[in-house]
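Visitor: Give me a model of this one.
(2 chains)
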Amino acid sequence: MAKKITDRSEDYSQWYQDVIREAKLADHSPVRGCMVIRPNGYALWENMKAQLDTMFKETGHENAYFPLFIPKSFLSKEAQHVEGFAKECAVVTHSRLKSVEGGVEVDPESRLEEELIVRPTSETIIWDSYRNWIQSYRDLPILINQWANVVRWEMRTRLFLRTMEFLWQEGHTAHATKEEAVEETKRMLEVYRTFAEEYMAMPVTTGVKTAAERFAGAVDTYCIETLLQDNKALQAGTSHFLGQNFAKAFDVKFQNSDGEHEYVWATSWGVSTRLIGGLIMTHSDDQGLIIPPKLAPNQVIIVPIWRSDEEQANVLEYCDGIIEELKEYDIRVKLDDRENQNPGRKFAEHEAAGIPLRIAVGPRDLENNNVELARRDTLDKNIVDRNGLGNRIKDLLNQIQKDLYDSAHQRIQDNTHTVDSYEEFKQVIEDGGFVYAHWDGTAETEEQIKEETKATIRCIPFEKEEEGECMVTGKPSSQKVLFARSY
RNA sequence: CGGGGAGUAGCGCAGUCCGGUAGCGCAUUCGCUUUGGGAGCGAAGGGUCGCAGGUUCAAAUCCUGUCUCCCCGACCA
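Guide: Just a heads-up that it's a prediction; the model follows:
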């Protein structure tokens, strides 16, 4: 018998890992800090990718691909950038191995003249190309996205939420004006917000990062932040306005319509397989994963039940009819007709896997022209009429999508607080959650709060102007900012 | 890198204190019976006990060294 998901109040970390294992999403790999993404996990990622890709194309972007390896010298061209990533780079120093007694060792003869860095992000290698692609304002804008893997040598890892290697997309755009680049940065943040909320059913807060939390090399980092079931915050996506930093570092200029040379304005933006971790920690329960219908590789699982061969034949025929009807409604449906597992096991497995709806069909249902319909999110079971099933399920999937968002939204609201004093802040933050408070805007105060409470400023929310005084120093503050303990 | 825990069958673990032929549950394979909430009975296969030394007639167990993983921190998408 498989282990039940453990009581999450005791140990969220164990619960999180149990969900992943039971849903067969991923395993720890033998390689330190890396993961093996199993077919279930990858199918989910593919659906997320497909939707994001559609949204990128709708906003005028194209896909391209740049090298995995970045010459060390490229990475060091932008001072802040290299400073930010230097401590977490995988470095390739040699090009071959040689056989020795009992195995192989690195051939010292093959040492590279210039080391190669396994990309932690691709700004540098991409801007090196953009230099050659851009001469005139007529070449702009360049709106490119890349689907890739990147490596960051993290000290401590956690499946999906932080792994050494992760899959992501990174958009890199080049513009003639600052205004256009800022607009692009905001546009893509909005794409991320829409994706998180409408597809992942994961409510997010948008805002701008403080200087301390900003992407290395960016002028401004915009982000979507969410709150997970363990009351920790997760940075779910970022969109950076890079100013002219990379254009200057890589000498990328264009000639404007007046014939003058100007540096190009840049943005970059990305989301990663971390989103899967966010989805797990937003919707799962003690039975396992819950996947929002819009992203679920299988939206409906049909479990047939029978005793005799004759019943089996009849039930399966009945199921075929259902499948045919659901497919007409573009519902992703799968039949679990395994003969060697009993229904109870199948129910449990599909719940752990997070399939939004289950249809159970047995002899009783055939007799009465019914099916048993079970919702994954609420675990409600109902006997419903076979007639009009496709329509009913279509509606129900939409309802589940909405309900998942609503309940996550409610949970986050319940765990979002506003405080005025630092004493109150220290108390409230002990239980986690989002906390709004005034801050004087200095890095010193930000650091002090982090030291004393482990909470960081997740973002400075948009459009929340409200004069006040910093909860720590009493200095003037133009608005409340969002604090939390985070991943 | 600091603090804590753990490496024994595919997975989860017991055995270690007190040395004496390597065990349990799940999974797997075969057979029969089952199938409306994680099936039952019977049989079978699978491990140089993380690695390297040492002590001993004898080491999963004791000693020394070493590697790895997990959890809590610091770092970060």
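
Visitor: Heading C-terminal from the helix or strand hosting A:Glu225, find the next helix or strand.
Guide: Under the criterion of DSSP states H and E, A:Glu225 resides in strand A:220-227. The helix or strand immediately downstream of strand A:220-227 is strand A:233-243, counting by DSSP H and E.

Visitor: what helices or strands is that following strand leaning on?
Guide: helix A:178-194, strand A:220-227, strand A:265-272, helix A:274-283 (3 or more C-beta pairs under 8 Å, 6 or more residues apart in numbering; DSSP states H and E). All C-beta spots, glycine's among them, are computed from the backbone N, C-alpha and C.

Visitor: and the angle for the longest one with helix A:274-283?
Guide: Looking back up the chat, that one is helix A:178-194. 40 degrees (axes from the mean of the first three to the mean of the last three C-alpha atoms, to 10 degrees).

Visitor: ditto for the third one
Guide: With the same axes, to 10 degrees defining the directions, strand A:265-272 sits at 50 degrees from helix A:274-283.

Visitor: Neighbouring strands - and their directions - for the strand holding A:Glu225?
Guide: Here strand A:220-227 has these sheet partners by DSSP bridges: strand A:205-208 (antiparallel), strand A:233-243 (antiparallel).

Visitor: deepest of those, which one?
Guide: strand A:233-243 (a mean of 25; mean count of other C-beta atoms under 10 Å).

Visitor: is that one up against RNA strand B anywhere?
Guide: Yes - on the criterion C-beta under 7 Å from any atom of the strand, strand A:233-243 is in touch with RNA strand B at A:235-236, A:238.

Visitor: quick one: which of those residues is nearest to RNA strand B?
Guide: Set against RNA strand B, the nearest of those by C-beta to the nearest atom of the strand is A:Gln235 (3.2 Å).

Visitor: Thought A:Ser486 was touching the closest one, still the case?
Guide: Yes - the criterion here is C-beta atoms under 8 Å, and A:Gln235 meets it with A:Ser486 at 6.9 Å.

Visitor: shared neighbours of the two, anything?
Guide: With contacts taken as C-beta atoms under 8 Å, 6 or more residues apart in numbering, the residues that reach both A:Gln235 and A:Ser486 are A:Arg458.

Visitor: which secondary structure elements does the longest helix belonging to chain A contact?
Guide: For chain A, the helix with the greatest residue count under DSSP state H is helix A:389-414. Under the contact criterion of 3+ C-beta pairs under 8 Å, 6+ apart, helix A:389-414 touches strand A:220-227, helix A:274-283, helix A:309-328, strand A:357-361, strand A:370-375.

Visitor: Spell out which parts of the stretch 351-487 of chain A neighbour RNA strand B.
Guide: A:351-352, A:360-365, A:372, A:374, A:379, A:381, A:454, A:486-487.

Visitor: Among the residues you listed, find me the one that's closest to RNA strand B.
Guide: Using C-beta to the nearest atom of the strand, A:Gly362 comes nearest to RNA strand B of those, at 2.2 Å.

Visitor: give me the number of residues near the closest one?
Guide: Using other C-beta atoms under 10 Å, A:Gly362 has 19 other residues around it.

Visitor: Could I get the pLDDT score of it?
Guide: You'll see A:Gly362 listed with a pLDDT of 96.

Visitor: hang on, it packs against A:Gln312?
Guide: No - at 10.5 Å, A:Gly362 does not count as touching A:Gln312 under the criterion of C-beta under 8 Å.

Visitor: joint contacts of these two?
Guide: Both A:Gly362 and A:Gln312 are in contact with A:304, A:306, where contact means C-beta under 8 Å, 6+ apart.

Visitor: Just to be sure, A:Asp27 is in a strand?
Guide: Yes - assignment of A:Asp27 by DSSP: H, G, I helix; E, B strand; the rest coil places it within a strand.

Visitor: How about the contacts made by it?
Guide: Taking C-beta under 8 Å, 6+ apart, one finds A:21, A:35-36, A:38 in contact with A:Asp27.

Visitor: Narrow those to those in strands?
Guide: A:35-36 (DSSP state E).

Visitor: Closest to A:Gly270 out of the contacts of A:Asp27?
Guide: A:Met35 (18.5 Å; C-beta to C-beta).

Visitor: which residues touch the closest one?
Guide: Residues near A:Met35 by C-beta under 8 Å, 6+ apart: A:26-29, A:159-160, A:163.
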